[in-house]
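Novice: what follows is a predicted protein model with its sequence.
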Amino acid sequence: MKTFRKQSVISASKADLYRWHASGQALQRLTPPSEKVKIISWKGGEKTQGLTEEEQFGDISTGARVHLKTYLGPVGLSMVARHVDHQEEEFFVDQQEKGPFAYWKHVHRFTHQDDHTSLLDDDIEYRLPVLRPPFTGKIIENKIQKMFAYRHYRTTEDLRRHAPYRDRAPMRVAITGSSGLIGRELASYLRSVGHTVLGVSRKENPVKGMISMHRPSEWEGLDAVVHLAGESINGLWTKSKKEKILSSREKMTVRVSKILAGLHKPPGVFISSSAVGFYGDRGDEELVEDSTPGNDFLSDVCQRWERSTEDAKKAGIRCVIMRTGVVITPKGGALQKMLLPFSMGLGGPVGSGRQWMSWISLDDMVYLLYFLMQSKDARGVFNATAPHPVQNQDFGKTLGKSLHRPAFMPLPAFMVRVILGEMGDALLLTSAKVLPQKPLSLGYEFSHPTLTSCFSAFL
(Lines give C-alpha, C1' and ligand atoms only; values in the text may rest on other atoms or scores of the structure.)
Protein backbone atom coordinates (compact mmCIF):
# COMPACT_ATOMS: atom_id res chain seq x y z
CA MET A 1 0.00 0.00 0.00
CA LYS A 2 1.29 3.46 -0.91
CA THR A 3 0.36 6.71 0.81
CA PHE A 4 0.38 10.38 -0.19
CA ARG A 5 -0.41 13.38 1.99
CA LYS A 6 -0.46 17.10 1.35
CA GLN A 7 -1.41 19.86 3.78
CA SER A 8 -1.82 23.60 3.23
CA VAL A 9 -2.93 26.52 5.37
CA ILE A 10 -5.77 28.32 3.56
CA SER A 11 -6.85 31.94 4.13
CA ALA A 12 -10.47 31.01 4.85
CA SER A 13 -12.59 29.70 7.67
CA LYS A 14 -13.18 25.97 7.90
CA ALA A 15 -16.82 26.57 6.92
CA ASP A 16 -15.83 28.56 3.81
CA LEU A 17 -13.28 25.93 2.81
CA TYR A 18 -15.87 23.19 3.13
CA ARG A 19 -18.48 25.17 1.20
CA TRP A 20 -16.00 25.76 -1.63
CA HIS A 21 -15.52 22.00 -1.97
CA ALA A 22 -19.28 21.41 -1.76
CA SER A 23 -20.19 24.14 -4.28
CA GLY A 24 -20.46 21.81 -7.27
CA GLN A 25 -17.55 23.60 -8.98
CA ALA A 26 -14.64 22.07 -7.06
CA LEU A 27 -13.86 19.26 -9.50
CA GLN A 28 -13.69 21.70 -12.40
CA ARG A 29 -11.59 24.18 -10.41
CA LEU A 30 -9.26 21.47 -9.10
CA THR A 31 -8.51 19.81 -12.42
CA PRO A 32 -5.12 21.00 -13.75
CA PRO A 33 -5.63 22.86 -17.04
CA SER A 34 -3.13 20.56 -18.76
CA GLU A 35 -5.23 17.52 -17.80
CA LYS A 36 -8.20 16.26 -19.76
CA VAL A 37 -10.99 15.05 -17.47
CA LYS A 38 -14.50 14.28 -18.64
CA ILE A 39 -17.37 13.75 -16.20
CA ILE A 40 -19.56 10.93 -17.53
CA SER A 41 -22.19 11.09 -14.77
CA TRP A 42 -22.76 12.27 -11.19
CA LYS A 43 -25.35 10.73 -8.90
CA GLY A 44 -26.08 12.55 -5.65
CA GLY A 45 -26.09 10.94 -2.22
CA GLU A 46 -28.15 11.15 0.93
CA LYS A 47 -28.82 14.90 0.79
CA THR A 48 -30.03 15.11 -2.80
CA GLN A 49 -33.13 12.94 -2.93
CA GLY A 50 -35.70 14.47 -5.28
CA LEU A 51 -33.25 16.77 -7.04
CA THR A 52 -32.52 16.64 -10.75
CA GLU A 53 -29.22 15.21 -12.03
CA GLU A 54 -28.04 18.75 -12.78
CA GLU A 55 -28.85 19.89 -9.24
CA GLN A 56 -26.97 16.90 -7.77
CA PHE A 57 -23.77 17.79 -9.60
CA GLY A 58 -20.85 18.17 -7.22
CA ASP A 59 -22.62 16.63 -4.21
CA ILE A 60 -20.10 15.21 -1.71
CA SER A 61 -22.46 13.65 0.84
CA THR A 62 -22.33 9.94 1.68
CA GLY A 63 -23.55 7.80 -1.20
CA ALA A 64 -22.76 10.28 -3.97
CA ARG A 65 -21.03 8.66 -6.94
CA VAL A 66 -19.08 10.17 -9.84
CA HIS A 67 -18.03 8.46 -13.06
CA LEU A 68 -15.24 10.24 -14.88
CA LYS A 69 -12.65 9.61 -17.56
CA THR A 70 -9.09 10.85 -17.30
CA TYR A 71 -6.01 10.27 -19.41
CA LEU A 72 -2.49 8.94 -18.88
CA GLY A 73 -0.86 10.22 -22.06
CA PRO A 74 -3.09 9.11 -24.95
CA VAL A 75 -4.70 6.31 -22.90
CA GLY A 76 -8.17 7.03 -21.52
CA LEU A 77 -8.86 5.68 -18.02
CA SER A 78 -12.37 5.33 -16.64
CA MET A 79 -12.93 5.68 -12.89
CA VAL A 80 -16.00 5.42 -10.66
CA ALA A 81 -15.59 6.90 -7.17
CA ARG A 82 -18.13 6.79 -4.33
CA HIS A 83 -18.31 9.08 -1.32
CA VAL A 84 -18.31 6.57 1.53
CA ASP A 85 -18.25 8.91 4.54
CA HIS A 86 -18.93 12.55 5.25
CA GLN A 87 -19.29 15.00 8.13
CA GLU A 88 -20.32 18.53 7.27
CA GLU A 89 -17.50 21.08 7.63
CA GLU A 90 -15.15 18.36 8.90
CA PHE A 91 -14.29 15.83 6.19
CA PHE A 92 -15.49 13.69 3.31
CA VAL A 93 -14.09 10.43 1.94
CA ASP A 94 -14.18 9.05 -1.59
CA GLN A 95 -13.15 5.56 -2.60
CA GLN A 96 -12.66 3.97 -6.00
CA GLU A 97 -15.33 1.44 -6.94
CA LYS A 98 -14.01 0.83 -10.43
CA GLY A 99 -10.93 2.13 -12.17
CA PRO A 100 -7.22 1.95 -12.86
CA PHE A 101 -6.05 1.43 -9.26
CA ALA A 102 -6.19 -1.82 -7.32
CA TYR A 103 -7.27 0.38 -4.39
CA TRP A 104 -7.81 4.15 -3.89
CA LYS A 105 -9.14 5.96 -0.84
CA HIS A 106 -8.97 9.75 -0.44
CA VAL A 107 -9.79 11.57 2.81
CA HIS A 108 -10.35 15.35 2.58
CA ARG A 109 -10.10 16.99 6.03
CA PHE A 110 -10.76 20.58 7.09
CA THR A 111 -9.33 21.82 10.41
CA HIS A 112 -9.80 25.16 12.16
CA GLN A 113 -6.55 27.11 12.66
CA ASP A 114 -7.69 30.58 13.75
CA ASP A 115 -10.41 33.12 12.85
CA HIS A 116 -9.05 33.62 9.33
CA THR A 117 -7.29 30.39 8.37
CA SER A 118 -7.87 26.66 8.22
CA LEU A 119 -5.89 23.57 7.29
CA LEU A 120 -6.63 21.61 4.12
CA ASP A 121 -5.44 18.01 4.50
CA ASP A 122 -5.53 15.54 1.60
CA ASP A 123 -4.67 12.01 2.72
CA ILE A 124 -4.55 9.22 0.12
CA GLU A 125 -3.97 5.47 0.29
CA TYR A 126 -3.62 3.60 -2.99
CA ARG A 127 -2.35 0.39 -4.50
CA LEU A 128 -1.32 -0.01 -8.11
CA PRO A 129 -2.49 -3.01 -10.15
CA VAL A 130 -0.11 -5.97 -10.16
CA LEU A 131 -0.16 -6.19 -13.96
CA ARG A 132 1.05 -2.88 -15.32
CA PRO A 133 3.62 -1.61 -17.81
CA PRO A 134 7.18 -1.00 -16.51
CA PHE A 135 7.87 2.41 -14.93
CA THR A 136 4.13 3.12 -14.55
CA GLY A 137 4.47 3.44 -10.77
CA LYS A 138 6.90 6.34 -10.92
CA ILE A 139 4.84 8.09 -13.60
CA ILE A 140 1.70 7.84 -11.45
CA GLU A 141 3.52 9.03 -8.31
CA ASN A 142 4.77 12.09 -10.18
CA LYS A 143 1.30 12.69 -11.60
CA ILE A 144 -0.28 12.57 -8.12
CA GLN A 145 2.31 14.98 -6.70
CA LYS A 146 1.85 17.40 -9.57
CA MET A 147 -1.95 17.17 -9.39
CA PHE A 148 -2.16 17.91 -5.67
CA ALA A 149 0.37 20.72 -5.89
CA TYR A 150 -2.00 22.32 -8.41
CA ARG A 151 -5.09 21.49 -6.32
CA HIS A 152 -3.71 23.21 -3.25
CA TYR A 153 -2.53 26.18 -5.30
CA ARG A 154 -5.99 26.53 -6.84
CA THR A 155 -7.84 26.22 -3.51
CA THR A 156 -5.48 28.70 -1.84
CA GLU A 157 -5.77 31.28 -4.63
CA ASP A 158 -9.54 30.99 -5.14
CA LEU A 159 -10.31 31.54 -1.47
CA ARG A 160 -7.59 34.16 -0.96
CA ARG A 161 -9.03 36.25 -3.79
CA HIS A 162 -12.49 36.01 -2.24
CA ALA A 163 -11.36 36.71 1.34
CA PRO A 164 -11.64 40.55 1.21
CA TYR A 165 -15.29 40.25 0.14
CA ARG A 166 -16.44 37.27 2.21
CA ASP A 167 -18.76 39.47 4.33
CA ARG A 168 -20.54 40.98 1.32
CA ALA A 169 -23.88 39.61 0.12
CA PRO A 170 -23.74 37.03 -2.70
CA MET A 171 -24.17 38.56 -6.16
CA ARG A 172 -26.33 37.70 -9.16
CA VAL A 173 -24.08 38.00 -12.20
CA ALA A 174 -25.02 37.68 -15.88
CA ILE A 175 -22.33 36.73 -18.39
CA THR A 176 -22.58 36.99 -22.16
CA GLY A 177 -20.24 34.50 -23.82
CA SER A 178 -20.52 32.25 -20.76
CA SER A 179 -19.65 29.18 -22.84
CA GLY A 180 -16.36 30.70 -24.06
CA LEU A 181 -12.91 30.15 -22.60
CA ILE A 182 -13.00 33.10 -20.16
CA GLY A 183 -16.74 32.91 -19.53
CA ARG A 184 -16.67 29.26 -18.44
CA GLU A 185 -13.79 29.83 -16.04
CA LEU A 186 -15.28 33.02 -14.59
CA ALA A 187 -18.68 31.38 -14.07
CA SER A 188 -17.11 28.39 -12.34
CA TYR A 189 -15.09 30.60 -10.00
CA LEU A 190 -18.02 32.86 -9.12
CA ARG A 191 -20.22 29.88 -8.29
CA SER A 192 -17.47 28.27 -6.20
CA VAL A 193 -17.40 31.29 -3.86
CA GLY A 194 -21.18 31.48 -3.51
CA HIS A 195 -22.45 33.77 -6.27
CA THR A 196 -25.30 33.04 -8.70
CA VAL A 197 -24.34 33.09 -12.38
CA LEU A 198 -26.73 33.41 -15.31
CA GLY A 199 -25.76 32.95 -18.93
CA VAL A 200 -27.23 35.23 -21.60
CA SER A 201 -29.02 33.77 -24.61
CA ARG A 202 -30.23 35.29 -27.87
CA LYS A 203 -33.07 32.75 -27.93
CA GLU A 204 -36.63 33.64 -26.90
CA ASN A 205 -36.85 30.70 -24.50
CA PRO A 206 -33.39 29.78 -23.21
CA VAL A 207 -32.57 26.77 -21.06
CA LYS A 208 -32.60 26.90 -17.27
CA GLY A 209 -29.90 29.12 -15.80
CA MET A 210 -29.95 31.66 -18.66
CA ILE A 211 -31.71 34.94 -19.32
CA SER A 212 -32.93 36.14 -22.71
CA MET A 213 -31.87 39.19 -24.72
CA HIS A 214 -35.55 39.39 -25.74
CA ARG A 215 -36.89 39.85 -22.20
CA PRO A 216 -35.24 42.78 -20.40
CA SER A 217 -37.41 42.13 -17.33
CA GLU A 218 -35.22 39.09 -16.61
CA TRP A 219 -32.24 41.45 -16.22
CA GLU A 220 -33.82 43.39 -13.35
CA GLY A 221 -31.97 43.21 -10.04
CA LEU A 222 -28.66 41.88 -11.34
CA ASP A 223 -25.62 42.98 -9.36
CA ALA A 224 -23.15 42.75 -12.25
CA VAL A 225 -23.08 42.09 -15.99
CA VAL A 226 -19.92 40.84 -17.74
CA HIS A 227 -20.01 41.12 -21.53
CA LEU A 228 -17.58 38.71 -23.22
CA ALA A 229 -19.46 37.65 -26.38
CA GLY A 230 -18.10 38.29 -29.87
CA GLU A 231 -17.30 36.60 -33.18
CA SER A 232 -14.01 34.69 -33.10
CA ILE A 233 -11.19 36.59 -34.82
CA ASN A 234 -9.57 33.32 -35.95
CA GLY A 235 -9.75 32.44 -39.63
CA LEU A 236 -9.06 34.30 -42.86
CA TRP A 237 -10.24 37.90 -42.70
CA THR A 238 -12.44 38.04 -45.75
CA LYS A 239 -14.71 41.06 -46.14
CA SER A 240 -17.67 39.16 -44.65
CA LYS A 241 -15.54 37.84 -41.76
CA LYS A 242 -14.39 41.35 -40.87
CA GLU A 243 -17.98 42.58 -40.95
CA LYS A 244 -18.96 39.80 -38.51
CA ILE A 245 -16.04 40.62 -36.20
CA LEU A 246 -17.08 44.28 -36.04
CA SER A 247 -20.83 43.78 -36.03
CA SER A 248 -20.84 41.11 -33.31
CA ARG A 249 -18.96 43.43 -30.99
CA GLU A 250 -20.47 46.81 -31.78
CA LYS A 251 -24.12 45.84 -32.20
CA MET A 252 -24.21 43.32 -29.35
CA THR A 253 -22.59 45.77 -26.93
CA VAL A 254 -25.02 48.53 -27.93
CA ARG A 255 -27.90 46.14 -27.37
CA VAL A 256 -26.70 45.05 -23.92
CA SER A 257 -25.95 48.65 -22.97
CA LYS A 258 -29.47 49.79 -23.96
CA ILE A 259 -31.06 46.94 -21.97
CA LEU A 260 -29.12 47.93 -18.86
CA ALA A 261 -29.87 51.63 -19.29
CA GLY A 262 -33.59 50.92 -19.44
CA LEU A 263 -33.82 48.85 -16.24
CA HIS A 264 -35.62 50.02 -13.10
CA LYS A 265 -32.96 48.20 -11.02
CA PRO A 266 -29.79 48.31 -13.11
CA PRO A 267 -26.65 46.40 -12.08
CA GLY A 268 -23.99 48.06 -9.97
CA VAL A 269 -21.33 47.39 -12.60
CA PHE A 270 -21.12 46.62 -16.31
CA ILE A 271 -17.82 45.08 -17.45
CA SER A 272 -17.32 44.97 -21.21
CA SER A 273 -14.54 43.38 -23.24
CA SER A 274 -12.11 45.09 -25.55
CA ALA A 275 -8.57 44.11 -26.58
CA VAL A 276 -5.01 45.37 -26.73
CA GLY A 277 -5.57 45.53 -30.50
CA PHE A 278 -6.84 49.03 -29.61
CA TYR A 279 -3.23 50.28 -29.64
CA GLY A 280 -2.22 48.92 -33.06
CA ASP A 281 1.38 48.21 -34.07
CA ARG A 282 3.56 50.39 -31.79
CA GLY A 283 7.03 48.82 -31.78
CA ASP A 284 8.86 49.27 -28.43
CA GLU A 285 6.59 52.06 -27.11
CA GLU A 286 5.23 51.40 -23.60
CA LEU A 287 1.44 51.63 -23.71
CA VAL A 288 -0.88 52.40 -20.79
CA GLU A 289 -4.61 52.99 -20.57
CA ASP A 290 -4.50 56.61 -21.72
CA SER A 291 -2.21 55.93 -24.71
CA THR A 292 -3.60 56.87 -28.13
CA PRO A 293 -5.22 54.26 -30.40
CA GLY A 294 -3.71 52.71 -33.52
CA ASN A 295 -5.03 53.08 -37.04
CA ASP A 296 -5.57 49.52 -38.33
CA PHE A 297 -8.64 47.26 -38.55
CA LEU A 298 -8.46 45.82 -35.02
CA SER A 299 -7.87 49.24 -33.53
CA ASP A 300 -10.96 50.57 -35.27
CA VAL A 301 -12.99 47.57 -34.04
CA CYS A 302 -11.86 48.14 -30.44
CA GLN A 303 -12.60 51.87 -30.54
CA ARG A 304 -16.13 51.31 -31.82
CA TRP A 305 -16.57 48.40 -29.38
CA GLU A 306 -15.67 50.60 -26.43
CA ARG A 307 -17.90 53.49 -27.54
CA SER A 308 -20.84 51.05 -27.62
CA THR A 309 -21.13 51.13 -23.80
CA GLU A 310 -22.23 54.79 -23.90
CA ASP A 311 -25.91 54.21 -23.02
CA ALA A 312 -24.98 52.34 -19.83
CA LYS A 313 -22.53 55.10 -18.84
CA LYS A 314 -25.14 57.82 -19.38
CA ALA A 315 -27.55 55.86 -17.17
CA GLY A 316 -25.04 56.17 -14.31
CA ILE A 317 -23.94 52.51 -14.30
CA ARG A 318 -20.33 51.98 -13.28
CA CYS A 319 -18.70 50.82 -16.53
CA VAL A 320 -15.37 49.00 -16.83
CA ILE A 321 -13.72 48.21 -20.17
CA MET A 322 -11.12 45.43 -20.27
CA ARG A 323 -8.44 45.68 -22.96
CA THR A 324 -7.36 42.05 -22.89
CA GLY A 325 -4.03 40.64 -24.04
CA VAL A 326 -3.36 37.08 -25.23
CA VAL A 327 -4.96 34.80 -22.62
CA ILE A 328 -2.53 32.02 -21.67
CA THR A 329 -3.87 28.58 -20.70
CA PRO A 330 -3.54 25.01 -21.99
CA LYS A 331 -7.35 24.87 -22.00
CA GLY A 332 -7.64 26.84 -25.24
CA GLY A 333 -6.59 29.89 -27.21
CA ALA A 334 -3.10 30.56 -28.52
CA LEU A 335 -1.14 28.38 -26.08
CA GLN A 336 -3.21 25.27 -26.76
CA LYS A 337 -2.40 25.57 -30.46
CA MET A 338 1.31 26.04 -29.71
CA LEU A 339 1.74 23.09 -27.35
CA LEU A 340 1.90 20.35 -29.98
CA PRO A 341 4.57 21.90 -32.26
CA PHE A 342 6.61 23.15 -29.29
CA SER A 343 6.42 19.76 -27.52
CA MET A 344 7.83 18.23 -30.72
CA GLY A 345 10.72 20.71 -30.79
CA LEU A 346 9.24 22.56 -33.77
CA GLY A 347 8.54 25.88 -32.06
CA GLY A 348 10.45 29.10 -32.40
CA PRO A 349 10.24 32.82 -33.12
CA VAL A 350 7.64 34.24 -35.51
CA GLY A 351 8.86 36.86 -37.96
CA SER A 352 11.69 38.92 -36.48
CA GLY A 353 10.82 37.66 -32.98
CA ARG A 354 11.30 41.20 -31.65
CA GLN A 355 7.61 42.15 -31.63
CA TRP A 356 6.13 42.60 -28.14
CA MET A 357 3.47 40.20 -26.94
CA SER A 358 1.13 41.39 -24.17
CA TRP A 359 -0.36 38.44 -22.35
CA ILE A 360 -2.29 37.46 -19.21
CA SER A 361 -2.85 34.08 -17.58
CA LEU A 362 -6.41 32.76 -17.51
CA ASP A 363 -6.17 32.74 -13.71
CA ASP A 364 -5.38 36.45 -13.59
CA MET A 365 -8.05 37.20 -16.16
CA VAL A 366 -10.67 35.66 -13.88
CA TYR A 367 -9.31 37.13 -10.65
CA LEU A 368 -8.93 40.59 -12.20
CA LEU A 369 -12.53 40.52 -13.43
CA TYR A 370 -13.67 39.62 -9.91
CA PHE A 371 -11.45 42.32 -8.37
CA LEU A 372 -12.90 45.01 -10.65
CA MET A 373 -16.41 43.71 -10.08
CA GLN A 374 -15.95 44.19 -6.34
CA SER A 375 -13.89 47.43 -6.45
CA LYS A 376 -16.36 50.29 -6.18
CA ASP A 377 -13.81 52.85 -7.43
CA ALA A 378 -12.98 50.92 -10.59
CA ARG A 379 -14.36 52.52 -13.73
CA GLY A 380 -13.15 53.26 -17.24
CA VAL A 381 -10.49 51.39 -19.21
CA PHE A 382 -8.20 48.75 -17.67
CA ASN A 383 -5.42 46.87 -19.46
CA ALA A 384 -5.89 43.17 -18.71
CA THR A 385 -2.25 42.24 -19.27
CA ALA A 386 0.55 40.91 -17.07
CA PRO A 387 3.07 43.54 -15.88
CA HIS A 388 5.89 41.86 -17.82
CA PRO A 389 5.11 41.64 -21.55
CA VAL A 390 7.65 39.67 -23.58
CA GLN A 391 9.08 39.73 -27.06
CA ASN A 392 7.93 36.89 -29.29
CA GLN A 393 11.36 35.24 -29.35
CA ASP A 394 11.48 35.21 -25.53
CA PHE A 395 7.98 33.76 -25.36
CA GLY A 396 9.14 30.86 -27.55
CA LYS A 397 12.33 30.29 -25.52
CA THR A 398 10.41 30.30 -22.21
CA LEU A 399 7.78 27.89 -23.51
CA GLY A 400 10.43 25.57 -24.95
CA LYS A 401 12.34 25.60 -21.65
CA SER A 402 9.15 24.82 -19.70
CA LEU A 403 8.52 21.83 -21.99
CA HIS A 404 12.21 20.82 -21.97
CA ARG A 405 12.36 21.22 -25.74
CA PRO A 406 14.44 23.39 -28.08
CA ALA A 407 12.63 26.37 -29.63
CA PHE A 408 14.67 27.63 -32.56
CA MET A 409 12.52 26.79 -35.61
CA PRO A 410 11.61 30.20 -37.10
CA LEU A 411 8.37 31.00 -38.90
CA PRO A 412 9.22 33.77 -41.42
CA ALA A 413 6.89 36.77 -41.66
CA PHE A 414 6.16 36.16 -45.35
CA MET A 415 4.94 32.61 -44.53
CA VAL A 416 2.63 34.01 -41.82
CA ARG A 417 1.13 36.40 -44.37
CA VAL A 418 0.82 33.72 -47.07
CA ILE A 419 -0.89 31.23 -44.71
CA LEU A 420 -2.98 33.51 -42.51
CA GLY A 421 -3.25 36.76 -44.43
CA GLU A 422 -4.21 39.95 -42.57
CA MET A 423 -5.17 38.02 -39.43
CA GLY A 424 -1.66 36.58 -39.13
CA ASP A 425 -0.13 40.01 -39.58
CA ALA A 426 -2.38 41.55 -36.91
CA LEU A 427 -2.12 38.77 -34.33
CA LEU A 428 1.40 37.40 -34.77
CA LEU A 429 3.54 40.19 -36.23
CA THR A 430 2.09 43.32 -34.62
CA SER A 431 4.03 44.71 -31.64
CA ALA A 432 2.24 46.15 -28.59
CA LYS A 433 4.02 46.50 -25.24
CA VAL A 434 0.98 47.04 -23.01
CA LEU A 435 1.29 47.64 -19.26
CA PRO A 436 -1.50 47.25 -16.63
CA GLN A 437 -1.03 50.66 -15.03
CA LYS A 438 -4.58 51.01 -13.64
CA PRO A 439 -4.99 47.49 -12.17
CA LEU A 440 -1.67 47.92 -10.33
CA SER A 441 -2.62 51.42 -9.13
CA LEU A 442 -5.80 49.99 -7.56
CA GLY A 443 -3.78 47.32 -5.76
CA TYR A 444 -4.41 44.26 -7.90
CA GLU A 445 -1.75 41.59 -7.24
CA PHE A 446 -0.97 39.31 -10.18
CA SER A 447 -0.80 35.57 -9.55
CA HIS A 448 1.44 35.23 -12.61
CA PRO A 449 3.36 38.47 -13.21
CA THR A 450 5.98 36.68 -15.34
CA LEU A 451 5.69 34.10 -18.09
CA THR A 452 7.90 31.69 -16.15
CA SER A 453 5.56 31.78 -13.14
CA CYS A 454 2.61 31.32 -15.47
CA PHE A 455 4.00 28.23 -17.22
CA SER A 456 5.29 26.69 -13.98
CA ALA A 457 1.73 26.68 -12.60
CA PHE A 458 0.39 24.25 -15.17
CA LEU A 459 3.05 22.86 -17.53
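Specialist: Nice, I can see it.
Novice: the strands in the stretch 251-400 of the chain, which residues?
Specialist: In the stretch 251-400 of the chain, strands defined by DSSP state E, counting those that start in this stretch lie at 269-275, 286-287, 318-324, 326-328, 356-357, 359-361, 380-384, 390-391, listed in chain order.
Novice: and the fourth one, what other elements does it pack with?
Specialist: Taking 3 or more CB pairs under 8 Å, 6 or more residues apart in numbering; DSSP states H and E as contact, the helices and strands that strand 326-328 lies on are helix 333-343, strand 359-361, helix 362-374. For every residue, glycine as well, the C-beta is placed using N, CA and C.
Novice: which residues touch residue 288?
Specialist: Contact analysis of residue 288 by CB atoms under 8 Å, 6 or more residues apart in numbering lists 383, 434, 435, 437, 438.
Novice: not counting residues beside it along the chain, what's closest to the first one?
Specialist: Ranked by CB to CB, 6 or more residues apart in numbering and with sequence neighbours excluded, the top spatial neighbour of residue 383 is residue 436, at 4.6 Å.
Novice: pick the most deeply packed of the helices and strands packed on strand 326-328.
Specialist: Of those, the one with the most neighbours on average (mean count of other CB atoms under 10 Å) is strand 359-361, at a mean of 26.
Novice: can you list the strands that that one pairs with?
Specialist: strand 326-328 (parallel) (DSSP bridges).
Novice: before we move on, back to that, dump the helices and strands packed on strand 326-328 to TSV, plus mean pLDDT and distance to residue 291.
Specialist: Converted to TSV, those look like this (pLDDT from 0 to 100; distance: least, CB to CB, whole Å):
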stretch	mean pLDDT	distance to residue 291
helix 333-343	89	23
strand 359-361	97	17
helix 362-374	98	19
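Novice: can you put these in CSV and add distance to residue 447?
Specialist: As requested, the helices and strands packed on strand 326-328 are exported to CSV (distance: least, CB to CB, whole Å):
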stretch, distance to residue 447
helix 333-343, 16
strand 359-361, 7
helix 362-374, 5
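Novice: of these, which approaches residue 406 most closely?
Specialist: Across the helices and strands packed on strand 326-328, residue 406 has its closest neighbour in helix 333-343 (9.4 Å, CB to CB).
Novice: quick one: residues contacting residue 68.
Specialist: When contacts are counted by CB under 8 Å, 6+ apart, residue 68 touches 27, 37, 38, 39, 40, 78, 79, 81.
Novice: what is the burial count for the nearest residue to residue 451 once chain neighbours are set aside?
Specialist: Counting by CB to CB, 6+ apart, residue 451 lies nearest to residue 398, which is 4.9 Å off, once chain neighbours are set aside. Close neighbours of residue 398, defined as other CB atoms under 10 Å, add up to 17.
Novice: can you list the buried residues in the helix ranked longest in the chain?
Specialist: Of all segments of type helix in the chain, defined using DSSP state H, the longest is helix 136-162. Across helix 136-162, burial judged by 16 or more other CB atoms under 10 Å covers 140, 144, 147-148, 150-159, 161-162.
Novice: quick one on the thing from earlier: which ones among the contacts of residue 68 map onto strands?
Specialist: In strands, defined here by DSSP state E, the members of those are 38, 39, 40, 78, 79, 81.
Novice: per-residue confidence for residue 48?
Specialist: Note on residue 48: pLDDT of 61.
Novice: for residue 236, same thing?
Specialist: pLDDT, residue 236: 87.
Novice: now residue 401, what's its secondary structure?
Specialist: With DSSP: H, G, I helix; E, B strand; the rest coil as the basis, residue 401 sits in helix.
Novice: assign a three-state SS to residue 121, would you?
Specialist: Reduced to three states by three-state DSSP, residue 121 is strand.
Novice: that one and residue 7 touch, don't they?
Specialist: Yes: using CB atoms under 8 Å, residue 121 is in contact with residue 7, at 4.9 Å.
Novice: which of the two has more neighbours?
Specialist: residue 121 (15 against 12).
Novice: what distance do you get for that one to residue 143?
Specialist: To residue 143, residue 121 is 20 Å away according to CB to CB, to the nearest Å.
Novice: again with residue 95
Specialist: 19 Å.
Novice: could you do residue 79 as well?
Specialist: Applying CB to CB to residue 79 and residue 143 gives a distance of 13 Å.
Novice: what does residue 150 give?
Specialist: Applying CB to CB, the value for residue 150 to residue 143 is 11 Å.
Novice: hang on, the earlier thing: what packs against the longest helix of the chain?
Specialist: strand 2-10, helix 14-21, helix 26-30, strand 65-72, strand 118-127, helix 362-374, helix 451-458.
Novice: middle-most residue in the protein, spatially?
Specialist: The centroid of the chain falls nearest to residue 185 when counting by CA atoms, centre = their mean (3.7 Å).
Novice: contacting residues for residue 62?
Specialist: Counting by CB under 8 Å, 6+ apart, residue 62 has contacts 45, 46, 83, 84, 85, 86.
Novice: quick one: residues contacting residue 243.
Specialist: By CB under 8 Å, 6+ apart, residue 243 has no neighbours at all.
Novice: now do the helix or strand harbouring it against strand 318-324, angle only.
Specialist: Applying DSSP states H and E as the criterion places residue 243 in helix 239-261. Orientation of helix 239-261 against strand 318-324 (axes from the mean of the first three to the mean of the last three CA atoms, to 10 degrees) gives an angle of 160 degrees.
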